[in-house]
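S.K.: Make a model of this:
(chains A, B, C and D)
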2 protein chains.
Amino acid sequence: MKRANIQDVAKLAGVSPSTVSRALNSFPGISERTRQKVIEAAKKLNYKPNYRGQILTTRSTKNIGLLITDITNPFFPELVRGAEETASESSYTILLGNTSESVEKETNYLDFFSRGPVDGVIISASRIPNEHIINLAEEGLPIVVINRILEHPKISYISTDMEKGGYLATKHLIELGHIRIAFINGPSHSEAAKRRFLGYKKALTEAKIEYDPDLASFNIPVAESGYREAIKLLNTKNPPTSIFTYNDLMAFGVMKAVKDLGLKIPDDLSIVGFDDIFFSSFTDPPLTTIRQLKEELGKKAVELLLELMKGEKRGILLEPELIIRNTTSRR
Amino acid sequence: MKRANIQDVAKLAGVSPSTVSRALNSFPGISERTRQKVIEAAKKLNYKPNYRGQILTTRSTKNIGLLITDITNPFFPELVRGAEETASESSYTILLGNTSESVEKETNYLDFFSRGPVDGVIISASRIPNEHIINLAEEGLPIVVINRILEHPKISYISTDMEKGGYLATKHLIELGHIRIAFINGPSHSEAAKRRFLGYKKALTEAKIEYDPDLASFNIPVAESGYREAIKLLNTKNPPTSIFTYNDLMAFGVMKAVKDLGLKIPDDLSIVGFDDIFFSSFTDPPLTTIRQLKEELGKKAVELLLELMKGEKRGILLEPELIIRNTTSRR
DNA sequence: CTGTTAGCGCGTTCAT
DNA sequence: ATGAACGCGCTAACAG
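M.R.: Reported below is the predicted structural model:
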């Protein structure tokens, strides 16, 4: 059964194609009688406007490109859900690009997006340099970046206040009497990692604790990195009494390492994560962490993009929150 | 800076638009000199073929629609990643539809997909009736369904052997001496739920244990359902000694309920989940469960779709595996 | 209120 | 080996 097009409907209804278009898109200035006639014909032929023709003339795809690094990290699904729900309220669909932390894939996706399959792009991936993003924006592609602060007249951004997050985590540990506080950080190129690092150092400085480079490392943000670095740190002569990780996944890795070494959490080691993903309240013991508003990040990013497509640029900073559970205790 | 189109390149290279198209798509029958000239012009203008014009003439979008119910359930991200990786190897991009268990959203997405933004669709969502899927397939949309067995000449499917999964879980509990085995099942309309139920009953029958309807329920497949049903079951006069859940998320809910009631796992209650998501090995205690090959499901689904677009239909059944951890013990 | 015409940007004939 | 002309399906602009 071949698909009916607008001509078929026009013929059956005895009107012109443009009248069909007007009737179906509820334009004003058309008689109710004609509208009904068209609607009936359309229904009879099971007519649905062809997307490919439609976007060519309307110049809108009703798609939003969303670039993320790792859908397997529960941080992102929550963000995606927030984005998806808000998008679908405005009849937009999400075109998802999962880059698996690969620069090449990020670039490919962005190139593809810039060729026209989407009306705008949300970038929640870290490896793409700002200049590349700016270039595309100046070519006319509406872009919103998540968790990177990029001030540019054609780009909107929304980010958790990362520096504050790093500060809150470190200060919490300091207040519990910890002095040797390690930071298993994320990728060195990531702005989020840099800003959290700033917050970490700020808290140390405030407490007059000297920063020890041996206690800080940059890593791929997966559980295995947390495991590996924790083993390394705990086997040194002067091990830390607490570890702050770039994200909860890495904290899970740390917890596993501690258990494998036969140590107790939080008695032998205090741990603070970042993100507050769903499972962090289910671990043993439940994880102390810095909460990001993940759904909000996705939701607001879509709203910003919709505004940006109308020409309104904005930047938003979201507050992180310290969630105290049971992986931290007094030294 | 306005985007260059094929005409601009043609003008700069001093050739016709069709020559540009041939040169850039590496067609035979074109002089090397001309090709170089065109490539150079294209580079100078930063030309990228306009996607919207391209799909109209090539009749291929290089997009695949992927419908899932709940991206927040870690089962799906792993599936999505498998699909995404395989798709991008063939230069396809995933258009993601998250339906949040809503029939309306499923239908909307499917309608949208059928209008032309994708070359084919993968459905990993349960509420859409088979007839609807068949209709779209007969209109010419290539469709692959995941975890539902749908025999039709124009539809391919890939599914874990759900009945076997249900059977393995139940048999494991029976072998540990359990007789009162509850099944907190998923949605009643879901084929996966029905088939697991079949396996559950089969194992009971084999062991000559009478099926007790009070021990089985149908639910929305989220952690809260597991919690709620577990509380209900454990507060009856003759509570079960073990619970099998539709998925791991629900098992997490059950574990929380057991702890809240002050009981011990697995001494007071044995638990078996389904899926083996990443976090199931991190819970306290680690969860015994039935493993589905999630990435494989996504990967194979894309392969099947690509084949289906060439006209080859197939159906694949994947073997589930019992993963024994520490939430089950001898009665 | 409705029909006619043009054009979106490509790829693909069919000529040359 | 290359150019000219056409068409994909729709909507917007113009005409009546």
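S.K.: Contact partners for A:I39?
M.R.: Taking C-beta atoms under 8 Å, 6 or more residues apart in numbering or on different chains as the definition of contact, the neighbours of A:I39 are A:23-24. In short, each C-beta sits where N, CA and C put it, glycine included.
S.K.: Report whether the helix or strand encompassing it contacts DNA strand D.
M.R.: Here A:I39 is covered by helix A:32-44, with elements defined by DSSP states H and E. No - judged by C-beta under 7 Å from any atom of the strand, helix A:32-44 stays clear of DNA strand D, getting no closer than 10.0 Å.
S.K.: Quick one: mean pLDDT for that helix?
M.R.: For helix A:32-44, mean pLDDT rounds to 94.
S.K.: go on, stretch A:308-316?
M.R.: Summarised as a single mean, pLDDT over stretch A:308-316 is 96.
S.K.: Report the buried residues of it.
M.R.: Of the residues in stretch A:308-316, A:308, A:313, A:315-316 count as buried by neighbour count, 16 or more other C-beta atoms under 10 Å in any protein chain shown.
S.K.: Just list whatever residues bridge to the residue nearest in space to the middle of chain A.
M.R.: Relative to the mean C-alpha position of chain A, the nearest C-alpha, by C-alpha atoms, centre = their mean, is the one of A:S124, at 4.3 Å. Partner residues in beta bridges with A:S124: A:I68, with DSSP bridges as the criterion.
S.K.: where along the stretch 151-300 of chain A do the strands fall?
M.R.: For the stretch 151-300 of chain A, applying DSSP state E, counting those that start in this stretch gives strands covering A:155-160, A:181-185, A:216-218, A:242-245, A:270-275, A:288-291.
S.K.: how about CSV for those, with mean neighbour count and distance to DNA strand D added?
M.R.: Supplementary listing: the strands of the stretch 151-300 of chain A in CSV, determined by neighbours: other C-beta atoms under 10 Å in any protein chain shown; distance: least, C-beta to the nearest atom of the strand, whole Å:
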stretch, mean neighbour count, distance to DNA strand D
strand A:155-160, 24, 26
strand A:181-185, 28, 50
strand A:216-218, 17, 50
strand A:242-245, 31, 51
strand A:270-275, 29, 42
strand A:288-291, 26, 44
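S.K.: Of all those strands, which one is nearest chain B?
M.R.: The minimum distance between chain B and the strands of the stretch 151-300 of chain A falls on strand A:270-275, with 12.7 Å, by C-beta to the nearest C-beta.
S.K.: chain center to the closest one, what's the gap?
M.R.: Here the centre of strand A:270-275 is set off from its chain's centre by 19 Å, with C-alpha atoms, centre = their mean, to the nearest Å.
S.K.: same for it, what does it pack against?
M.R.: Secondary structure elements in contact with strand A:270-275, counted by 3 or more C-beta pairs under 8 Å, 6 or more residues apart in numbering or on different chains; DSSP states H and E, are helix A:162-175, strand A:242-245, helix A:248-260, strand A:288-291.
S.K.: Output that strand as PDB, nothing but the C-alphas.
M.R.: What follows is strand A:270-275, C-alpha atoms only, in PDB (Å, rounded to 0.1, in the frame of the first residue of the first chain):
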ATOM      1  CA  SER A 270      35.700   8.700  54.100                       C
ATOM      2  CA  ILE A 271      34.400   9.100  50.600                       C
ATOM      3  CA  VAL A 272      32.500  11.900  48.800                       C
ATOM      4  CA  GLY A 273      31.100  11.500  45.300                       C
ATOM      5  CA  PHE A 274      29.600  13.900  42.800                       C
ATOM      6  CA  ASP A 275      26.300  13.900  40.900                       C
END
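S.K.: Report the angle between that strand and helix A:162-175.
M.R.: Our comparison of strand A:270-275 with helix A:162-175, counting by axes from the mean of the first three to the mean of the last three C-alpha atoms, to 10 degrees, yields an angle of 160 degrees.
S.K.: now the end-to-end length of stretch A:240-252.
M.R.: Distance across stretch A:240-252, first residue to last, is 17 Å (C-alpha to C-alpha, to the nearest Å).
S.K.: mind listing the helices for the stretch 101-250 of chain A?
M.R.: Secondary structure of the stretch 101-250 of chain A (DSSP state H, counting those that start in this stretch): helices at A:103-114, A:130-138, A:162-175, A:191-206, A:223-234, A:248-260.
S.K.: Could you tell me the angle between the fifth one and strand A:181-185?
M.R.: I take that to be helix A:223-234. 150 degrees.
S.K.: On the pLDDT front, check the residue nearest to A:S91 when sequence neighbours are not counted for me.
M.R.: Taking C-beta to C-beta, 6 or more residues apart in numbering or on different chains, and ignoring the residues beside it in sequence, A:S91 has A:K62 as its nearest neighbour in space, at 5.8 Å. Each residue has a pLDDT score; the one for A:K62 is 95.
S.K.: mind listing what whichever residue of the stretch 101-250 of chain A sits closest to DNA strand C touches?
M.R.: When distances are taken as C-beta to the nearest atom of the strand, the stretch 101-250 of chain A approaches DNA strand C most closely through A:G116, which lies 7.9 Å from it. Under the criterion of C-beta under 8 Å, 6+ apart, the contact list for A:G116 reads A:61, B:50-52.
S.K.: Give me the subset of these that lies in strands.
M.R.: Using DSSP state E, no member of the contacts of A:G116 falls in strands.
S.K.: can you pick the most crowded of those?
M.R.: Across the contacts of A:G116, the neighbour count under other C-beta atoms under 10 Å in any protein chain shown reaches its highest value at A:T61, namely 23 neighbours.
S.K.: ok, the spatially closest residue to it that is not a sequence neighbour to B:F27 distance?
M.R.: Distances taken as C-beta to C-beta, 6+ apart place A:I55 nearest to A:T61, at 4.8 Å, with adjacent residues excluded. Separation of A:I55 from B:F27 (C-beta to C-beta, to the nearest Å) stands at 27 Å.
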